[in-house]
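[1] Generate coordinates for the sequence data below:
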Amino acid sequence: MKVAVSRLGFGGAPIGNLYRETSDSDALGAVEAAWQAGVRYFDTAPHYGLGLSERRLGLGLAGRPRDEYVISTKVGRVLEPFDGSGLDDEGFAVPQAFRRVRDYSRDGVLRSLESSLERLGTDRVEIVYIHDPDDHWASAVGEAYPALEDLRSQGVVGAIGVGMNQWEMPERFVRETDIDVVMLAGRYTLLEQPSLTSFLPACVDRGVSVVACGVFNSGLLSKPVVAAGAKYNYEEAPLELVERARAIAEVCGRHGVTLPEAAIQFALGHPAVVSVVIGARTAEQMTANAAYFSASVPEDLWNELKALDLVDPEVPTP
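    Numbering: from 1, shown residues only. Predicted structure coming up:
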């Protein structure tokens with residue numbers, strides 16, 4: 001990928017009030033802590049808090065040397081003013097002042113990107129992802145992708161890609177287009193590796209970078225001790241996955257490593273993965289994430305996990 005990103009990236013969903021409210025001061029503190037930890041890649045999207053994440057990220061980065069960091073945002077959901085009452089019904093604790101309209105047309109891409117730049121308070125973003133086109137393959141590949149390809153050829157954006165919670169459609173993009181990067185949410189984590197057999201090798205073969213996010217599987221791998229009621233794929237984790245995570249955590253403990261430390265290093269271990277993006281809503285969370293990222297994990301840990309069939313034996317050793 002022509003755009004260089006830091007190995008640890010900042011995920012902007014939590015500062016968009018994912019699940020619960022976060023104060024402006026906490027959100028800006030999280031961005032500041034990321035910067036102080038050496039993070040220079042910041043990801044956001046209009047979807048995150050109906051634009052709140054983009055606005056807060058822009059404020060948090062204001063005054064920083066613009067050439068020293070990379071921003072990615074996403075297209076596919078255009079925000080239109082909405083006079084509905086109540087809170088957003090897609091997981092973010094924000095007023096329903098806008099509604100998301102799925103639009104993967106050229107016009108939709110351009111309007112979405114223009115609005116994102118305004119909210120971010122910047123004249124450019126380095127990476128643009130087509131966001132969650134699960135049920136919109138035809139328009140995403142036939143309209144959104146060519147629009148972004150034009151912007152890339154003009155030098156307006158540095159890299160284009162797709163961001164999804166699945167690996168199958170991203171693999172089609174990798175094989176059938178000239179995208180630069182895939183933001184893969186989950187699907188290659190310490191808990192599960194369904195993308196290992198065909199998707200990740202295709203990325204290596206085609207020279208497509210992978211940004212891994214969701215490496216904690218929405219929360220299940222985020223704490224040293226796996227708690228009952230932990231999230232998996234944004235919902236309460238099934239018992240069998242909780243038990244599997246606890247078994248992995250037990251092996252980690254025998255090697256002096258915590259579960260979140262191993263989860264981050266695991267994702268970074270594949271040659272296709274250039275960065276791990278982790279969300280944070282406070283400075284304390286971001287500081288903890290940076291510490292997890294910096295941890296050293298012994299090779300014997302991976303060998304034991306493979307021997308116990310807790311990870312795929314074909315996983316590259318990080």
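
[2] Mind pulling the model confidence for the residue positioned nearest the centre of the chain?
    For the chain, the residue lying nearest the average C-alpha position, counting by C-alpha atoms, centre = their mean, turns out to be residue 213 (3.6 Å). We note a pLDDT of 96 for residue 213 in this prediction.

[3] and the gap between it and residue 301?
    Here the criterion is C-beta to C-beta, to the nearest Å. By it, residue 213 lies 23 Å from residue 301. For the C-beta atoms, the positions are set from N, CA and C on the backbone; glycine is no exception.

[4] quick one: residue 37 and residue 288 touch, right?
    No - using C-beta atoms under 8 Å, residue 37 is not in contact with residue 288; the gap is 10.3 Å.

[5] Test of understanding: give the bridge partners of the residue nearest to the centre of the chain.
    Residue 213 has these beta-bridge partners by DSSP bridges: residue 185, residue 277.

[6] doesn't residue 183 make contact with it?
    Yes - contact between residue 213 and residue 183 holds when scored by C-beta under 8 Å: they sit 5.9 Å apart.

[7] Quick check: neighbours shared by these two?
    Contact criterion C-beta atoms under 8 Å, 6 or more residues apart in numbering; residues bridging residue 213 and residue 183 by contacting each: 43, 163, 277.

[8] want to throw those into JSON lines with neighbour count and pLDDT?
    As requested, the shared contacts of residue 213 and residue 183 are arranged in JSON lines below (neighbours: other C-beta atoms under 10 Å; pLDDT from 0 to 100):
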{"residue": "43", "neighbour count": "29", "pLDDT": "98"}
{"residue": "163", "neighbour count": "27", "pLDDT": "98"}
{"residue": "277", "neighbour count": "26", "pLDDT": "98"}
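
[9] can you give me the strands in the stretch 51-200 of the chain?
    Taking DSSP state E, counting those that start in this stretch to define them, one finds strands in the stretch 51-200 of the chain at 70-75, 77-81, 98-102, 127-131, 159-164, 181-185.

[10] Run the angle between the third one and strand 77-81 for me.
    To tie it back to what came earlier, the one meant is strand 98-102. An angle of 140 degrees separates the directions of strand 98-102 and strand 77-81 when computed by axes from the mean of the first three to the mean of the last three C-alpha atoms, to 10 degrees.

[11] What of the first one?
    Strand 70-75 runs at 70 degrees relative to strand 77-81, counting by the same axes, to 10 degrees.

[12] Give me the sheet partners of strand 70-75 and which way each runs.
    The partner list of strand 70-75 in its sheet, established with DSSP bridges, is strand 41-43 (parallel), strand 127-131 (parallel).

[13] Which one, of those, ends up nearest to residue 283?
    Shortest separation from residue 283 across these is recorded for strand 41-43, at 15.0 Å, computed as C-beta to C-beta.

[14] What lies in contact with that closest one?
    By C-beta under 8 Å, 6+ apart, the list of residues contacting strand 41-43 reads 5-6, 8-12, 31, 34, 57, 61, 69-73, 183, 211, 213, 275, 277.

[15] Many thanks, I have nothing further to ask.
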